[in-house]
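Q: give the three-dimensional model of this entry:
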Amino acid sequence: MVLYIFTIFFILSPFFPATRHSHWFFRTADFVRLQSVVIQLILLGIFIYTEEQYTTFSWILLFALIASIIYQLFKITPYSSLFPRRRSHDATDGYVSILAGNVLQTNNCYSDFLKEVKRFDPDLVLTMESNKDWENGLSELEKDYPFTVKVPLENFYGMHLYSKVEVKNVVVKYQVEDDKPSIFFDYYTDKDSPIFFCCLHPAPPSPTENETSKERDAELMLTGKRIRKIDKPTVVCGDMNDVVWSRTTRLFKKMTGMIDPRVGRGFFSTFHADYFFLRFPLDHLFHTRDLYVGKMIRSKNFGSDHFAMYYEIHHKKKAKTPKNPKLNGDEKEEIEELIEEGKDNE
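A: Okay, here's the model as predicted:
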């Protein structure tokens with residue numbers, strides 16, 4: 001009986017996000033797909049081994065469990081190294097590199113993070129959850145990164161940007177919640193056209209944060225609408241507190257036409273850094289189709305609950321910024337609903 005109960009729960013729970021309910025209980029199944037597939041496979045083995053006499057009910061459970069496993073694999077396989085990787089592109093010699101990491105506000109291993117910065121030597125360093133203590137702890141960065149955007153906060157949503165060259169048109173915007181900042185700026189490489197960067201860190205749906213995903217979903221949709229209004233190469237990066245196979249992130253990619261460089265390379269799960277069996281890919285980078293990500297590396301553990309991510313972003317040769325993808329009426333309506341619900345819930 002206990003086996004049946006567990007089996008029924010793990011047959012049904014992967015479909016909870018499909019209800020589109022924004023409460024964290026329903027959205028959690030998206031985060032744990034990797035772990036729940038493993039549990040499903042274990043349950044499948046136990047079920048086949050222990051079931052002595054197959055009844056109609058047990059056959060239904062067996063086939064339903066297999067169908068649920070296939071559904072989950074369909075969701076996550078494109079982001080594994082088993083999936084065909086996007087072909088390499090002719091890229092310009094110059095590129096911009098960024099090391100983006102949630103440093104964990106209560107973490108004081110400043111020197112360990114500085115070692116990672118020194119190891120990768122990126123053009124840009126983006127920190128999330130960085131407060132005044134982290135600002136002081138990373139002050140030596142300003143010798144090599146004299147151009148900064150500092151938003152120190154004590155609510156686990158501070159942000160700091162360090163750049164070797166001057167960044168232009170910097171905007172710090174509180175898109176949905178008035179204590180959750182996002183940073184927008186233009187970065188010029190050796191090309192005349194700048195790359196527009198959107199650095200985000202929305203709050204997750206969880207019992208200890210926002211009860212629902214409405215605020216996070218609204219921030220992604222607002223960022224998507226902003227990207228659709230500009231005509232230049234664009235990068236979105238940060239701790240999105242969402243997984244790439246969720247409906248919201250897939251809608252964001254659909255409305256912007258952006259590419260996830262993770263496809264065919266691996267999951268690059270960044271949270272939780274201390275527990276290998278409980279890790280989710282929460283830190284992302286998306287880019288428009290006129291750009292290409294060369295190197296993509298996860299950092300070493302530097303005391304945070306997240307790993308940082310290093311990316312090298314190239315312009316594609318002879319590539320123009322593509323036009324906005326077309327959205328149907330239902331998609332436009334869903335985007336506006338997500339924005340309104342997020343603002344009303346704030």
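
Q: the lengthiest strand in the chain pairs with which strands, and in what direction?
A: Counting residues, the longest strand found in the chain (DSSP state E) is strand 91-102. Using DSSP bridges, strand 91-102 pairs in its sheet with strand 124-128 (parallel), strand 309-316 (antiparallel).

Q: format those strands as a markdown table; extra columns: distance to Val243, mean neighbour count and mean pLDDT.
A: Every residue, glycine included, has its C-beta placed from N, CA and C. Output for those, formatted as a markdown table (distance: least, Cβ to Cβ, whole Å; neighbours: other Cβ atoms under 10 Å; pLDDT from 0 to 100):
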| stretch | distance to Val243 | mean neighbour count | mean pLDDT |
| --- | --- | --- | --- |
| strand 124-128 | 17 | 26 | 98 |
| strand 309-316 | 15 | 22 | 94 |
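
Q: could you check how far Asp179 is from Gly158?
A: According to Cβ to Cβ, to the nearest Å, Asp179 and Gly158 sit 10 Å apart.

Q: comparing the two, which shows the higher neighbour count?
A: Taking neighbours as other Cβ atoms under 10 Å, Asp179 and Gly158 compare with Gly158 leading, 24 against 12.

Q: partners of the residue nearest the centre of the chain in the sheet?
A: Closest residue to the average C-alpha location of the chain: His284 at 3.4 Å, with Cα atoms, centre = their mean. Note on His284: beta-bridge partners Gly238, judged by DSSP bridges.

Q: quick one: it and Met240 touch, right?
A: Yes. At 5.0 Å, His284 and Met240 qualify as touching, with contact defined as Cβ atoms under 8 Å.

Q: what do the two both touch?
A: Residues within reach of His284 and of Met240 at once, by Cβ atoms under 8 Å, 6 or more residues apart in numbering, are Thr249.

Q: for this protein, which segments count as strands?
A: Using DSSP E, strands in the chain cover 91-102, 124-128, 147-151, 159-163, 168-173, 182-187, 195-200, 234-239, 283-287, 291-298, 309-316.

Q: how distant is the longest one from the center of its chain?
A: Relative to its parent chain, strand 91-102 has a centroid offset of 17 Å by Cα atoms, centre = their mean, to the nearest Å.

Q: deepest-packed of the strands of the chain, please.
A: The highest mean neighbour count among the strands of the chain, using mean count of other Cβ atoms under 10 Å, belongs to strand 124-128: a mean of 26.

Q: that strand vs strand 234-239, what angle?
A: Calculated by axes from the mean of the first three to the mean of the last three Cα atoms, to 10 degrees, strand 124-128 forms an angle of 40 degrees with strand 234-239.

Q: list the contacts of strand 124-128.
A: 96-103, 113, 117, 134, 138, 141, 145, 157-164, 183, 187, 197, 199, 201, 237-239.

Q: quick check: closest non-adjacent residue to Phe120.
A: Leaving aside its sequence neighbours, Phe120 sits nearest to Tyr310 (Cβ to Cβ, 6 or more residues apart in numbering; 4.7 Å).

Q: actually, Pro325.
A: Spatially, and ignoring its direct neighbours in sequence, Pro325 is nearest to Gly257 (4.4 Å; Cβ to Cβ, 6+ apart).

Q: same thing with Tyr187?
A: Tyr187 sits nearest to Ile195 (Cβ to Cβ, 6+ apart), 5.0 Å away.

Q: and Lys180, by the same measure?
A: That would be Tyr157: by Cβ to Cβ, 6+ apart, it lies 5.0 Å from Lys180.

Q: quick one on the thing from earlier: how near is the residue nearest to Tyr187 to Leu104?
A: For Ile195, the distance to Leu104 - Cβ to Cβ - is 28 Å.
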